[in-house]
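Engineer: generate a structure from the sequence data that follows.
(one chain, ligands or ions: 1)
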Amino acid sequence: MPAATARKQAEAALRESEERYRTIFELSPSGIIVVSPDSGTILDCNDTAARNLGYSREELTRLRIADIDALESPADVLAHIARVRAAGHERFATRQRTMGGELREVVVEARPVTLNGRTAMLAVFEDVTERKRLEEQRQQFVSLVENSTDFIGMCDLEFKPFYLNAAGMRMVGLESLAQVRQTPVWEFLFPEDRRVAMEQFFPRVLREGLREMEIRFRHFATGAPIWMLWSVFTLQDSDGRPSGYATVSRDITERRRLDDALRNANRRKDEFLATLAHELRNPLAPIRNAVDILKLQGSADSNTQAACDILDRHSRQLVRLVDDLLDVNRIGRGKLQLRRERVELSTVLAEALEGASPRVLAAGQELSVSLPPEPVCLDADPVRLAQAFVNLLNNASKYTDRGGRIRVSAERNAAAGVAVTVADTGIGIAPEQLARIFDMFTQARASATDPQPGFGIGLALARGLVEMHGGRIEARSEGAGCGSAFVVYLPVVDDTLSAQPAPAGDAEDHTAGAARRLLVVDDEQLVAKSLAVLLRLLGHAVEVAHDGFEAIAAAERSNPDVILLDVGMPKLDGYAVCRRIREQPWGKAMRIVALTGWGMEEDRRQSAEAGFDGHLVKPVDASTLSKLLREPLMAKR
Ligand code: ADP
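Structural biologist: Purely as a prediction, here's the structure:
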């Protein structure tokens, strides 16, 4: 290649190189200046430098470092730049002010360059304000996370942790991040919980972005469980794709312990109340029988009669309280079962009014009822629903003065089916009481017509029963002295009851009925005796047996029409007695009725299975017994 061509090529290459570097110089986001090391005069600069320092490029290249107002400490900058000559390189931090007066953090990198054959200093000003701010912010987050008492950690999509804060490590007994990194997430859990966590929980986190569950973590050193509220969310990469999981979780061991303790205490309370109610029920049976005997015998002496009335009223009240307590307890434990059927609201209300009206009338209160003209059909347990209304009616009477008014009304309600209101003109309920009036053992005020303090379970029971029917109950009152209204909303069944005329002869028999031959079996002498006396007073022939064997022998010997048979007896219990009697040719047609303190669905099923025709829960009152004994004695099997 001729020398001229080579030179030209070299010149061209040089120009290209010069152009390339010039472009980098011009476009650099960092300010660049070239300074004379002796005078500090600025020999060259790029646009960024001029703009950052608040000058045009022409102005800046006429100035010396010392003249630049924007630099916080020009002398310092110059001293650093001067040092480049000896050191060959200098990096230092300084600050410069923007046109708006804002101080920016700058890092300057200075190196010697040759300009026009002379040594000059090239200084690159990099604005690190934002980076420093981000770094500070990051540090703050790091210390927040590090100082948090929550368990904070992150892992990748393969469940390999890459971070766990100090509190997290302490909680599970890990000592270093290296240890954490070697411990896959599932190892933090107990083996029996891993499946649900890995196969259900994490896939849902991935689908939904965030989920929470309560789970036990395992302490790696002691093996102790730590209950955590495990809150996990996905981490995302810059394209928004999941790149891992993060958790901020809380140790809830103490809360769980308290929850358990509370649940246990509540369960024990419920169990205690159930036992208490049963224990109270047993002596109530003979007491009620004794009262019925006294009443049937009658007395000419007015004092005795008054005493008898007191006994009657209060023992009835006790029976009702104990029954309510048992029922509310059963509802609380999910053990009460409804026997639902299609029933008209009017039938339920009639039943309730029959139960409550004696008390209302005795208190001289006016009772009015208004129902929709068309039948309202419910899918309900008529006995249980009536019980709820009896409680409301009894309260209405109890908390209303003599001569007050009680009104029962029902209206079809587009949203809720039917709304039944029991309203009174009584003592009313203060606003602050309204909210918790349905809670168990809540008593707002003494009764207006009843000197006996209440027990505070009537409304809890009413609410429980109504809710079991898919309804709800509301209390309303304008305040003390303004009367109260309880509104029961119930779902209705769409079709009306097909009117079925009662078959002839099914009408209630009000006559005393034929005398029966009865066998009363109870291991408790007192119960058996009082029941026998009562039944004899009702005109029946009664024999008594005190255990199962005696009962079978008596049944065979005297062939009674009806056996009232206690279920819980030593030696041979009522079920066994019933089964054995049923096995005998003479025992098939006998009517056998279970007499027991237990009236749960399960108890009834068991007694039906054993061959009983009926199931009466103690204490049984005279009217129930006489009704039972009036029923025709057709063979049922
Ligand atoms: P009890 O009547 O046995 O105390 P309840 O659960 O039936 O228990 O009622 C709880 C409380 O609600 C009562 O003590 C009474 O203060 C208040 N209460 C209930 N019904 C009425 C009513 N119709 N009018 C005024 N207060 C009522």
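
Engineer: nearest residue to the middle of the protein?
Structural biologist: Asp259 (12.0 Å; CA atoms, centre = their mean).

Engineer: so that one, which state does it fall into?
Structural biologist: helix (DSSP: H, G, I helix; E, B strand; the rest coil).

Engineer: next one: it relative to Ile252, how far apart?
Structural biologist: Taking CB to CB, to the nearest Å as the measure, Asp259 falls 9 Å from Ile252. Any C-beta I mention is one placed from the backbone N, CA and C, and that applies to glycine too.

Engineer: what do you get for Asp270?
Structural biologist: According to CB to CB, Asp270 and Ile252 sit 25 Å apart.

Engineer: what about the strands in the stretch 51-200 of the chain?
Structural biologist: Counting by DSSP state E, counting those that start in this stretch, the stretch 51-200 of the chain has strands at residues 90-97, 103-115, 118-127, 151-156, 161-164.

Engineer: ugh, wrong one, the stretch 301-450 of the chain
Structural biologist: 341-344, 366-370, 377-380, 405-413, 417-424.

Engineer: remind me which residues of the stretch 301-450 of the chain are low pLDDT?
Structural biologist: 358, 440, 442-450 (pLDDT under 70).

Engineer: for Ser498, give me the pLDDT.
Structural biologist: On pLDDT, Ser498 comes in at 44.

Engineer: let's have the chain start at 2 instead
Structural biologist: Right, with 2 as the first residue, what we last looked at is Ser499.

Engineer: list the contacts for Leu116?
Structural biologist: By CB atoms under 8 Å, 6 or more residues apart in numbering, the residues touching Leu116 are Val35, Leu44, Asp45.

Engineer: contacting residues around the last one?
Structural biologist: For Asp45, the set of contacting residues under the criterion of CB under 8 Å, 6+ apart consists of Ile34, Val35, Thr62, Leu116.

Engineer: in the sheet, who's paired with the closest residue to the third one other than its chain neighbours?
Structural biologist: For Thr62, the nearest residue in space outside its immediate sequence neighbours is Ile43; the separation is 5.5 Å by CB to CB, 6 or more residues apart in numbering. Beta-bridge partners recorded for Ile43 (DSSP bridges): Val36.

Engineer: can you put the contacts of Leu116 in a markdown table and add distance to the ligand and pLDDT?
Structural biologist: Formatted as a markdown table, the contacts of Leu116 follow (distance: CB to the nearest ligand atom, whole Å; pLDDT from 0 to 100):
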| residue | distance to the ligand | pLDDT |
| --- | --- | --- |
| Val35 | 93 | 93 |
| Leu44 | 96 | 92 |
| Asp45 | 93 | 92 |
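
Engineer: need these in JSON lines (columns: distance to Gly429).
Structural biologist: Shown next, in JSON lines, are the contacts of Leu116 (distance: CB to CB, whole Å):
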{"residue": "Val35", "distance to Gly429": "94"}
{"residue": "Leu44", "distance to Gly429": "96"}
{"residue": "Asp45", "distance to Gly429": "94"}
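
Engineer: coming back round to it: among the contacts of Asp45, which one has the lowest pLDDT?
Structural biologist: Here the lowest pLDDT out of the contacts of Asp45 sits on Leu116, with 82.

Engineer: please report how far that one lies from the ligand.
Structural biologist: Applying CB to the nearest ligand atom, to the nearest Å, the value for Leu116 to the ligand is 98 Å.

Engineer: Ser29 versus that residue, what's the distance?
Structural biologist: In terms of CB to CB, Leu116 sits 17 Å off from Ser29.

Engineer: equivalent analysis for Leu460, please.
Structural biologist: If you go by CB to CB, the gap between Leu460 and Ser29 works out to 81 Å.

Engineer: so which of those two has more stuff around it?
Structural biologist: The residue with more neighbours, out of Leu460 and Ser29, is Leu460; 24 against 16, by other CB atoms under 10 Å.

Engineer: doesn't that one fall inside a strand?
Structural biologist: No: counting by three-state DSSP, Leu460 falls outside a strand, being helix.

Engineer: show me where the stretch 2-151 of the chain has helices.
Structural biologist: Remark: helices assigned in the stretch 2-151 of the chain by DSSP state H, counting those that start in this stretch are 4-28, 48-54, 58-61, 75-88, 130-148.

Engineer: tell me which of those lies nearest to the ligand.
Structural biologist: helix 130-148 (50.7 Å; CB to the nearest ligand atom).

Engineer: and the closest one, what's buried?
Structural biologist: Val146 (16 or more other CB atoms under 10 Å).

Engineer: before we move on, what about stretch 464-480?
Structural biologist: So stretch 464-480, judged by 16+ other CB under 10 Å, has buried residues Arg464, Gly465, Leu466, Val467, Met469, His470, Gly472, Ile474, Ala476, Ser478.

Engineer: one more: stretch 99-117?
Structural biologist: Buried, per 16+ other CB under 10 Å, within stretch 99-117: Arg105, Glu106, Val107, Val108, Val109, Glu110, Ala111, Pro113.

Engineer: between those residues, which sits nearest the ligand?
Structural biologist: Nearest to the ligand among those, with distances taken as CB to the nearest ligand atom, is Glu106, at 71.1 Å.

Engineer: and the closest one, what does it touch?
Structural biologist: Applying CB under 8 Å, 6+ apart, the residues near Glu106 are Ala94, Arg96, Asp128, Val129, Thr130, Lys133.

Engineer: for the fifth one, give me its contacts.
Structural biologist: What that stands for is Thr130. Here Thr130 is in contact with Arg105, Glu106, Val107 (criterion: CB under 8 Å, 6+ apart).

Engineer: the first one reaches Ala94, doesn't it?
Structural biologist: Same thing as Arg105. No: with contact defined as CB atoms under 8 Å, Arg105 and Ala94 do not form a contacting pair (11.2 Å).

Engineer: between Asp260 and Ile253, what contacts are shared?
Structural biologist: What both Asp260 and Ile253 touch, as defined by CB under 8 Å, 6+ apart, is an empty set.

Engineer: look up phi and psi at Gly588.
Structural biologist: Torsion angles at Gly588 (phi, psi; degrees, to the nearest 10) stand at phi -100, psi 0.

Engineer: the residue nearest to it when sequence neighbours are not counted: neighbour count?
Structural biologist: Nearest in space to Gly588, with sequence neighbours left out and distances taken as CB to CB, 6+ apart, is Ile582 at 3.7 Å. Ile582 is flanked by 20 other residues according to other CB under 10 Å.

Engineer: same check on Leu519?
Structural biologist: 25.

Engineer: likewise for Leu175?
Structural biologist: By other CB under 10 Å, 21 other residues sit near Leu175.

Engineer: that one - nearest residue in space that isn't next to it in sequence?
Structural biologist: Val181 is the one closest to Leu175 (CB to CB, 6+ apart), at 5.4 Å.

Engineer: same question for Gly169.
Structural biologist: Phe152 (4.0 Å).

Engineer: which residues touch the one you found?
Structural biologist: Contacts of Phe152 (CB under 8 Å, 6+ apart): 165-166, 168-169, 172-173, 218, 229, 248-252.

Engineer: try Val233
Structural biologist: Phe202, Phe203, Val206, Leu211, Arg212, Glu213, Tyr246, Ala247, Thr248, Ser250.

Engineer: what pairs with it across the strands?
Structural biologist: Arg212, Thr248.

Engineer: against Phe160, how distant is it?
Structural biologist: From Val233 to Phe160 the distance is 11 Å (CB to CB).

Engineer: any common contacting residues for those two?
Structural biologist: Common neighbours of Val233 and Phe160 (criterion: CB under 8 Å, 6+ apart): Phe203, Tyr246.

Engineer: ok, the nearest residue to Glu602 once chain neighbours are set aside to Asp324 distance?
Structural biologist: Excluding the flanking residues, the one nearest Glu602 by CB to CB, 6+ apart is Gln338, at 4.1 Å. Distance from Gln338 to Asp324, counting by CB to CB: 16 Å.
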